[in-house]
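Novice: I'd like to go over a predicted model; first the sequence, then the structure.
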Amino acid sequence: MGYIKIQILQKNLLRKKIMITRFACTIASVCLAALTVAASLTAAEQEAIPSLVRSAAPDWPQWRGPHRDGISPETGLLQSWPDGGPKLLWQVSGIGQGYSSPIVVADRVYITGDQNKELAISAFTLEGQPCWKIANGQAWRNSYPGARSSCTYDDGKLYHMNAHGRLVCLDAATGDMLWTVNVLERYEAKNIVWGISESVLVHGDRVFATPAGAKGLMVAHDKRTGSPIWATGALAGEQASYSSPILINFGHRKLLVNGGLKYVFAVDSEDGTLVWHLPQVDPNNTVNTTPVLCGRRLLLTNSSRGFGAVFGVQLGDDSASRAWTRKLSISHGGTICVDGRLCGSSSRGDVRGWVMVDAVTGEAQGVSDAPGGSAIFAEGRFYCLTASGTMLLQEPTAAGFQTVGEFRLAAGRDVWAHPVIGQGRLFLRYGDTLYCYDVRR
């Protein structure tokens, strides 16, 4: 009897183990299914969140850096500066007059400047030694003479458009010219008061520009040959502005976003389709800064005499709508999005000085009364170059900006070239001189 009882007990235990195992497997299957659903939902949600497309090149290969947002990914930088500023490694003069910023890729620095009657593109080593120099058409000799646009580096090539719309492709190692096309002439576009200032964008096998002409609002050319690929249909009455485009991932598309004289717009980078356009807040706008992506919002600024505005744009499926408008006047210095807030220097409007604007609500607050200018952001610090030539290192705090470094670059005015950080070096430009500072920790 005892043996039989043991057999029965063992069978009961086996049945319980089987039941528990089946139950555990069922729970595991449910959990796995739930995780799969959650993962798919997350992917769908992620797909709806816009993101900036990064350049394929390293370092600071284009206007406003790898993402065109004024933010450097570099680390190991000085968090404060000694009296007199960081160490000056070198300076070179004779680059030509201009307001353009340099770009930095590997062991080369590229910058533009107007010399006599021509625009010159120059290449230097990281130690400031000249490599080559070549002309890209005529200089800008009208109001505010000097070079405007920065170069763009991609896959061993250099791209640049001068103030008259002449787009050129060069061999970055030698400076040899590979192809050229005048986009204003080809697309029946008009030049603007202070000259074309767009820094062209390169992605994949294409180089993009915004002539805003009768035969093309935005255009794409083959980056290897210069041959046209597509041209977006014209917008009535539109002209080019002083802005440069950004490229964003949104849904299944890569959208080029830029602003003209009358509209801001998004274009499908694959086929040139105009996806959406919105009227500018100021119909007489004369200065646009590069659009900024801040979370789910596009933030755009414009500025003209007596008026200026920042406005937030909410993106939808193949559409966009204005979410809010704030009266601020931010022009040459541009804007940066950090932690969901837009930073820039405003000369007029609801708040003056360095301001932070909430991307969701448009609420603005002053964070510093330091002189206005241009800025970039790296490793928790704003690098602010004032229009009068003072370089400031600013730490954002709950109470506003705290200056943790300062030096005088130049005693002048209209210091409009943006700072650049590459390979632990800070590059600043004023007039026909390029300066290089060591900002490694």
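Specialist: It's in.
Novice: would R224 count as being in a strand?
Specialist: No: in this structure, R224 is coil, not part of a strand, as judged by DSSP: H, G, I helix; E, B strand; the rest coil.
Novice: what about it, neighbour count?
Specialist: 14 (other CB atoms under 10 Å). Quick note: C-beta positions are derived from backbone N, CA and C, even for glycine.
Novice: Could you say which helix or strand holds the closest residue to I330 other than its chain neighbours?
Specialist: Of all residues not flanking I330 in the chain, G344 sits nearest, at 4.1 Å (CB to CB, 6 or more residues apart in numbering). Counting by DSSP states H and E, the element that carries G344 is strand 341-346.
Novice: Show me what that strand is packed against.
Specialist: strand 292-294, strand 307-316, strand 335-338, strand 353-358, strand 373-378 (3 or more CB pairs under 8 Å, 6 or more residues apart in numbering; DSSP states H and E).
Novice: Out of those strands, which is closest to K133?
Specialist: strand 373-378 (25.6 Å; CB to CB).
Novice: going on from that closest one, what's the next piece of helix or strand?
Specialist: That would be, after strand 373-378 and using DSSP H and E, strand 381-386.
Novice: neighbouring strands for that following strand, and are they parallel or not?
Specialist: Strand pairing for strand 381-386, determined by DSSP bridges: strand 373-378 (antiparallel), strand 390-397 (antiparallel).
Novice: Now do it against strand 341-346, angle only.
Specialist: 20 degrees (axes from the mean of the first three to the mean of the last three CA atoms, to 10 degrees).
Novice: when you give positions from now on, start the count at 450
Specialist: In the new count, where the first residue is 450, that last one comes out as strand 830-835.
Novice: CA atoms only: put strand 830-835 into PDB for me.
Specialist: Extracted in PDB, the C-alpha atoms of strand 830-835 (Å, rounded to 0.1, in the frame of the first residue of the first chain):
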ATOM      1  CA  ARG A 830      28.600  75.400 -22.700                       C
ATOM      2  CA  PHE A 831      27.500  78.200 -25.200                       C
ATOM      3  CA  TYR A 832      30.200  79.700 -27.200                       C
ATOM      4  CA  CYS A 833      29.000  83.200 -27.900                       C
ATOM      5  CA  LEU A 834      30.800  85.600 -30.300                       C
ATOM      6  CA  THR A 835      29.300  89.100 -30.000                       C
END
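Novice: Now do it, average pLDDT.
Specialist: The pLDDT scores in strand 830-835 average 97.
Novice: cool, and stretch 631-651?
Specialist: Across stretch 631-651, pLDDT averages out at 97.
Novice: Pull out the buried residues from it.
Specialist: 631-633, 635-636, 638, 640-641, 643-651 (16 or more other CB atoms under 10 Å).
Novice: do the same with stretch 769-776
Specialist: For stretch 769-776, a neighbour-count test (16+ other CB under 10 Å) marks 769, 772-773, 775 as buried.
Novice: same deal with stretch 772-788?
Specialist: 772-773, 775, 777-787.
Novice: hmm, back to that, could you tell me which strands sit next to the strand holding G793 in the sheet, and their orientation?
Specialist: Assessed with DSSP bridges, strand 790-795 is paired to strand 784-787 (antiparallel), strand 802-807 (antiparallel).
Novice: TSV for these, including distance to L616?
Specialist: Formatted as TSV, the strands paired with strand 790-795 follow (distance: least, CB to CB, whole Å):
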stretch	distance to L616
strand 784-787	26
strand 802-807	34
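Novice: re earlier: and the strands paired with strand 830-835, which is most packed in?
Specialist: Comparing these by mean neighbour count (mean count of other CB atoms under 10 Å), strand 822-827 ranks first with a mean of 23.
Novice: Contacts for it, please.
Specialist: For strand 822-827, the external contacting residues (CB atoms under 8 Å, 6 or more residues apart in numbering) are 513-514, 519-521, 523, 526, 781-783, 785, 787, 792-794, 831-837, 864-870.
Novice: what about the strands in the stretch 550-699 of the chain?
Specialist: 552-554, 557-564, 567-574, 579-587, 601-603, 606-610, 615-620, 626-631, 650-652, 655-658, 668-671, 677-680, 695-699 (DSSP state E, counting those that start in this stretch).
Novice: So for V816, which of those strands sits nearest?
Specialist: strand 695-699 (24.2 Å).
Novice: still on that earlier bit, please convert the strands paired with strand 790-795 to JSON lines, extending it with mean pLDDT and distance to S550.
Specialist: As requested, the strands paired with strand 790-795 are arranged in JSON lines below (pLDDT from 0 to 100; distance: least, CB to CB, whole Å):
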{"stretch": "strand 784-787", "mean pLDDT": "96", "distance to S550": "14"}
{"stretch": "strand 802-807", "mean pLDDT": "95", "distance to S550": "20"}
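Novice: Figure out which of these is closest to V617.
Specialist: Minimum separation from V617 across the strands paired with strand 790-795 (CB to CB) falls at strand 784-787, 28.9 Å.
Novice: Contacts for that closest one next, please.
Specialist: Under CB under 8 Å, 6+ apart, the answer for strand 784-787 is 518-520, 738, 741-744, 748, 750, 759, 791-793, 808, 824-826, 831, 845.
Novice: Please convert the buried members of those residues into PyMOL selection syntax.
Specialist: If you want just the buried ones from the contacts of strand 784-787 in PyMOL, going by 16+ other CB under 10 Å, the selection is:
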select buried, resi 518+519+520+738+741+742+743+748+750+759+791+792+793+808+824+825+826+831+845
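Novice: what residues are up against W509?
Specialist: Contacts of W509 (CB under 8 Å, 6+ apart): 515, 521, 552-554, 869-871.
Novice: Ignore what I typed, I meant L704.
Specialist: Applying CB under 8 Å, 6+ apart, the residues near L704 are 696-697, 715-718, 724.
Novice: any low-confidence regions in the protein?
Specialist: The model of the chain has pLDDT under 70 over residues 450-496, 732-734.
Novice: Report the contact partners of the most centrally placed residue in it.
Specialist: The centroid of the chain falls nearest to R517 when counting by CA atoms, centre = their mean (1.7 Å). Neighbour list for R517: 501, 504, 511, 650, 693, 695-696, 739 [criterion: CB under 8 Å, 6+ apart].
Novice: so how far is P694 from it?
Specialist: Distance of R517 to P694, given as CB to CB, to the nearest Å: 8 Å.
Novice: Repeat that for W725.
Specialist: 14 Å.
Novice: For the two, indicate the residue with more neighbours.
Specialist: P694 (26 against 19).
Novice: Excluding chain neighbours, what is closest to the more buried one?
Specialist: In space, P694 is closest to N707, 3.9 Å off (CB to CB, 6+ apart).
Novice: Helix or strand: which one has the one you found?
Specialist: Following DSSP H and E, one finds N707 within strand 702-708.
Novice: Off-centre distance for that strand?
Specialist: 12 Å (CA atoms, centre = their mean, to the nearest Å).
Novice: Ok, stretch 840-849 next?
Specialist: Distance of stretch 840-849 from the chain centroid (CA atoms, centre = their mean) equals 21 Å.
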